[in-house]
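Peer 1: need coordinates for the below:
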Amino acid sequence: MKYYFSINLSKNEFLPYYRGEIHSIVVTTTLGTTVKFPAMHLRNHLTNSGIYGHFCLETQNNKFLSLIKVS
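Peer 2: Numbers count the residues shown, from 1 in each chain. Below you'll find the predicted structure:
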C-alpha cells in the first residue's frame, strides 16, 4: 500500500520526535486517510531547516517498507 502526504515541520517542531520524546507521527494522506507511523523514519529527511515536502510511505501488511521524498 502506498500513502502520499505532505509534511511541513521546522527543525524545532521536529525536535521532540528526534529526541524520542514522541514516538509516532500521524499524517493525513492526499486521499484523506489518517496514517500513523514511527517518527524515526523521518530522521533521514531532516535538513537544517526541518522536514518539508511531499512523501510516499509504502507498507505491506501494515508493516513499514519505505519512506521516500517525492518532491
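Peer 1: can you show me the strands along this structure?
Peer 2: Here the chain has its strands, by DSSP state E, at 2-10, 24-28, 34-38, 50-60, 63-69.
Peer 1: pLDDT score for the closest residue to residue 53 other than its chain neighbours?
Peer 2: Leaving out its chain neighbours, the residue that sits closest to residue 53 by C-beta to C-beta, 6 or more residues apart in numbering is residue 69, at 5.1 Å. Backbone N, C-alpha and C define where each C-beta goes, glycine included. Listed pLDDT for residue 69 reads 97.
Peer 1: quick one: residue 69 from residue 19, how far?
Peer 2: Residue 69 sits 22 Å away from residue 19 when distances are taken as C-beta to C-beta, to the nearest Å.
Peer 1: so those two - more neighbours on which side?
Peer 2: residue 69 (14 against 8; other C-beta atoms under 10 Å).
Peer 1: list the residues that contact the more buried one.
Peer 2: Listed by C-beta atoms under 8 Å, 6 or more residues apart in numbering, the contact partners of residue 69 are 45, 53, 54, 55.
Peer 1: dead centre of this protein: give me the residue that sits there.
Peer 2: Note on the chain: the residue nearest the mean C-alpha position is residue 42, at 5.0 Å, using C-alpha atoms, centre = their mean.
Peer 1: check which helices and strands the helix or strand bottoming out on mean pLDDT in the chain is in contact with.
Peer 2: Sorted by mean pLDDT, DSSP states H and E, the helices and strands of the chain end with helix 11-18, the least confident at a mean of 94. Secondary-structure packing of helix 11-18 (3 or more C-beta pairs under 8 Å, 6 or more residues apart in numbering; DSSP states H and E): strand 50-60.
Peer 1: listing partners with orientation, what would you give for the strand it packs on?
Peer 2: strand 2-10 (antiparallel), strand 63-69 (antiparallel) (DSSP bridges).
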